[in-house]
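Q: for reference, the sequence and a predicted model appear below.
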Amino acid sequence: MMLRVRVESVIQAARTIKLFELRPIDGDSLPAFDAGAHIDVHLPGDIRRSYSLMNDPAERHRYVIGVNRSEPGGGGSRYLHDEAKAGGELAIDVPRNNFHLVDTTGPVVLIGGGIGITPLWSMIQRLDALGRPWRLFYATRSPEHAILLDPLARYGERVSVHYDSIAATKLDIDGIVRVQPGSAHFYCCGPAPMLEAFERATASIPQECVHLERFAAQPGKAPVVSPACTVRLGRSGRFLEVPADKSILDVLLENGVEVGYSCMQGVCGTCETGVLEGIPAHHDDYLSRSERASNRKIMVCCSRSLSPCLVLDL
Ligand code: FES
């Protein structure tokens, strides 16, 4: 569901990061969200970008997002940095969450890189409200590229800030993971190299304790090459042919089937669709290993079919 919000304020919080506070236009409150949630912002040129909500999930009167100005190719962030001003309006989707805080009592280890600190800051506010133990490791390029340093400083030794520009303070994810108790849950949000290091460091940990959120598809990933397949819509019984040069999502949309989508890279989870029969060829970075193995879900923007016919719950 799309809604319009007013830009209440814009703050230059770091050299390349602006914080946008968004308030409701109609009424006093916005749809509730959980820590780790994000919103999609609709921008001119049919651009849609996902940004994590970084404020306290208990707040209903506003959403706060942090936007890193990414160059080159940062059409969405450039627009927000250059054109979105206080008093203006934006169209957003209601919050969705692919990066839930799991309800456990053990320690929570948060590892954030760059703008990846934003969902973790929302989690910290929630964990504080619940009285749960946590530690944060925040890596960023330099002090000029860091946000939230003042509020984080209040937490003393629970927060470690690491600067890429200062070799002695570089983040050692292996070392961090190694010394945590077995009951710890690990959350990581950051750029691709950090996530790869995190995945390596946590490979031997039960995967239900490992949580990460990607900004984009893994770099260097080979494009999906797959033979044509047939999709059957389970509810109507309609058959649709998916040629080799189109995604299942393309074909669904061309045929007027309503499916949500956002990143088109298998990262955001918006296009998740139930599978009733057949075996998907998973090419996304969203589903967990166990979800893939179950063959009950597919990301139709990028995944294909290993079976001649895939029956979707549509
Ligand atoms: S549109 Fe984002 S995972 Fe498919």
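A: That came through fine.

Q: ok, the residue in the stretch 101-250 of the chain positioned nearest to the ligand - contacts?
A: As assessed by CB to the nearest ligand atom, the ligand sits closest to residue 249 within the stretch 101-250 of the chain, at 6.8 Å. C-beta coordinates here come from the backbone N, C-alpha and C atoms, glycine included. Residues near residue 249 by CB atoms under 8 Å, 6 or more residues apart in numbering: 259, 261, 264, 271, 300, 301.

Q: for this structure, give me the ranges with low pLDDT.
A: Along the chain, segments meeting pLDDT under 70 span 71-74, 167-168, 216-226.

Q: residue with max distance from the center of it?
A: Relative to the centre of the chain, the most outlying C-alpha is that of residue 237, 33.4 Å out, by CA atoms, centre = their mean.

Q: returning to what we had before: how much space between the residue of the stretch 101-250 of the chain closest to the ligand and residue 265?
A: 11 Å (CB to CB, to the nearest Å).

Q: now do the shared contacts for these two.
A: By CB under 8 Å, 6+ apart, the residues touching both residue 249 and residue 265 are residue 301.

Q: packing partners for the longest strand belonging to the chain?
A: Longest strand in the chain by number of residues (criterion: DSSP state E): strand 2-14. Strand 2-14 is packed against strand 17-24, strand 89-93, with contacts defined by 3 or more CB pairs under 8 Å, 6 or more residues apart in numbering; DSSP states H and E.

Q: of those, which is nearest residue 2?
A: Counting by CB to CB, residue 2 lies closest to strand 89-93 out of the helices and strands packed on strand 2-14; the figure is 5.6 Å.

Q: so what strands line up beside that closest one?
A: Note on strand 89-93: by DSSP bridges, its sheet partners are strand 2-14 (antiparallel), strand 38-43 (antiparallel).

Q: and the angle for the shortest one with strand 17-24?
A: Here strand 38-43 runs at an angle of 90 degrees relative to strand 17-24 (axes from the mean of the first three to the mean of the last three CA atoms, to 10 degrees).

Q: right, is the next helix or strand after strand 38-43 up against the ligand?
A: Per DSSP states H and E, strand 38-43 leads on to strand 47-52 as the next helix or strand towards the C-terminus. No. Strand 47-52 lies apart from the ligand when judged by CB under 6 Å from any ligand atom; the minimum separation is 8.5 Å.

Q: tell me the secondary structure at residue 187.
A: Three-state assignment for residue 187 (DSSP: H, G, I helix; E, B strand; the rest coil): strand.

Q: for it, what are its contacts?
A: 36, 99, 101, 108, 109, 110, 111, 120, 123, 211, 212.

Q: returning to what we had before: so which of the helices and strands packed on strand 2-14 is nearest the ligand?
A: strand 89-93 (12.0 Å).

Q: flag every buried residue along the closest one.
A: Under the neighbour-count criterion of 16 or more other CB atoms under 10 Å, strand 89-93 has 90, 92, 93 buried.

Q: hey, what's the angle from it to strand 47-52? Just curious.
A: Counting by the same axes, to 10 degrees, strand 89-93 lies at 80 degrees to strand 47-52.

Q: who in the stretch 151-300 of the chain is up against the ligand?
A: Taking CB under 6 Å from any ligand atom as the criterion, the stretch 151-300 of the chain approaches the ligand at residues 261-264, 266-271, 284, 286, 299.

Q: which of the residues you listed count as buried?
A: 261-264, 266-271, 284, 286, 299.
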